[in-house]
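Colleague: okay, predicted coordinates and the sequence, questions at the end:
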Amino acid sequence: TAGPTREPIDPVRYITNKSSGKMGYAIARAAQLRGARVLLISGPTALEAPAGVEMVRVESTKDLLDALLPAAEQADIVVQAAAPADYRVAEVAPQKIKKQDGEPFVLTLTENPDVAKAVGENKRENQVLVGFAAETQAVRANATRKLDKKHLDFIVANDVTKPGAGFDVDTNIAAFLDHDGIEELPLMTKDALAHRILDRALAVLRAKQAR
Ligand code: CTP
């Protein structure tokens, strides 16, 4: 999965986040180059569809969940690089909302499903689930919590406030985290990181298959 999701407010407005989709698209390209059959489920991005990759475009977090759950059943490896919106607007206005004559305008948000957690709850034997953790503080502690909650085999954690990491840049500074520990990686392109992620995911897959 890749990119942000969009949660509608009214017919002309939405809530979203800063995800560019670059990391997820790089992983899809890298997997396709290695001969995998790839399905890329993408939120709205400005990126070109990778050649030779089957693609499904989604808008909201709910759409992402609906597209991913059945697809994940068939996948050996699921890499969730998308940044699904955690909240949606409780009541989407059917018409364009008008200004409130200077009064504060309050939007009530309701929690979205956790897509990775839902995929984790349906995890198959010999399936590898890789998640991301975009953090601005306490990267290790926050990422470790997500590892368990979402039944992930490992997490690609990054501090999105570091220069050269995070949104809309072509590089990343990441760490691989699982129950055995943490492996810090140097600054590298998202394409290079994509291959490192696949190397590791394949090693985990092979180990499971050999059991
Ligand atoms: N994720 C998801 N569904 C959500 C939110 C996140 O599937 N509603 C997935 C992302 O694709 C990513 C991982 O969970 O692989 C971690 O995302 P992140 O935004 O860092 O974590 P959250 O679970 O949203 O936790 P928090 O917002 O509390 O940091």
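Modeller: Noted; the coordinates are in hand.
Colleague: tell me what the lengthiest strand in the chain is packed against?
Modeller: Secondary structure of the chain per DSSP state E: the longest strand is strand 128-135. The contact analysis (3 or more Cβ pairs under 8 Å, 6 or more residues apart in numbering; DSSP states H and E) places strand 128-135 against strand 77-80, helix 115-121, helix 139-149, strand 154-159, helix 190-210. Every residue, glycine included, has its C-beta placed from N, CA and C.
Colleague: what comes up buried for the helix or strand bottoming out on mean pLDDT in the chain?
Modeller: Least confident helix or strand of the chain, by mean pLDDT, DSSP states H and E, is helix 139-149 with a mean of 88. For helix 139-149, burial by neighbour count (16 or more other Cβ atoms under 10 Å) applies to Val139, Ala143, Thr144, Lys146, Leu147.
Colleague: so what are the sheet partners of the longest strand of the chain and their directions?
Modeller: Here strand 128-135 is paired, per DSSP bridges, with strand 77-80 (parallel), strand 154-159 (parallel).
Colleague: what does the next helix or strand after the last one rub up against?
Modeller: So that's strand 154-159. On the C-terminal side of strand 154-159, the closest following helix or strand by DSSP states H and E is strand 171-172. Here strand 171-172 makes contact (Cβ atoms under 8 Å, 6 or more residues apart in numbering) with Met23, Asn158, Gly164, Ala165, Gly166, Leu187, Met188, Thr189, Lys190, Leu193.
Colleague: partners of strand 171-172, with directions?
Modeller: As defined by DSSP bridges, the strand partners of strand 171-172 come to strand 188-189 (antiparallel).
Colleague: mind listing residues that contact the strand it pairs with?
Modeller: Residues contacting strand 188-189 (Cβ under 8 Å, 6+ apart): Ala26, Asp170, Thr171, Asn172, Arg196.
Colleague: what does the protein have sitting close to the ligand?
Modeller: 61, 80, 82-84, 86, 112, 114-116, 131-134, 146, 150 (Cβ under 6 Å from any ligand atom).
Colleague: drop anything exposed from these.
Modeller: Buried subset of the residues of the chain next to the ligand (neighbour count, 16+ other Cβ under 10 Å): 61, 80, 82-84, 112, 114-116, 131-134, 146, 150.
Colleague: now do the same contact list for the residue lying farthest from the centre of the chain.
Modeller: Distance from the C-alpha centroid of the chain peaks at Asp101, with 38.9 Å (Cα atoms, centre = their mean). By Cβ under 8 Å, 6+ apart, the contact set of Asp101 is empty.
Colleague: dihedrals phi and psi, the nearest residue to Gly43 once chain neighbours are set aside?
Modeller: In space, and not counting its chain neighbours, Gly43 is closest to Gly3: 3.5 Å by Cβ to Cβ, 6 or more residues apart in numbering. Torsion angles at Gly3 (phi, psi; degrees, to the nearest 10) stand at phi 90, psi 180.
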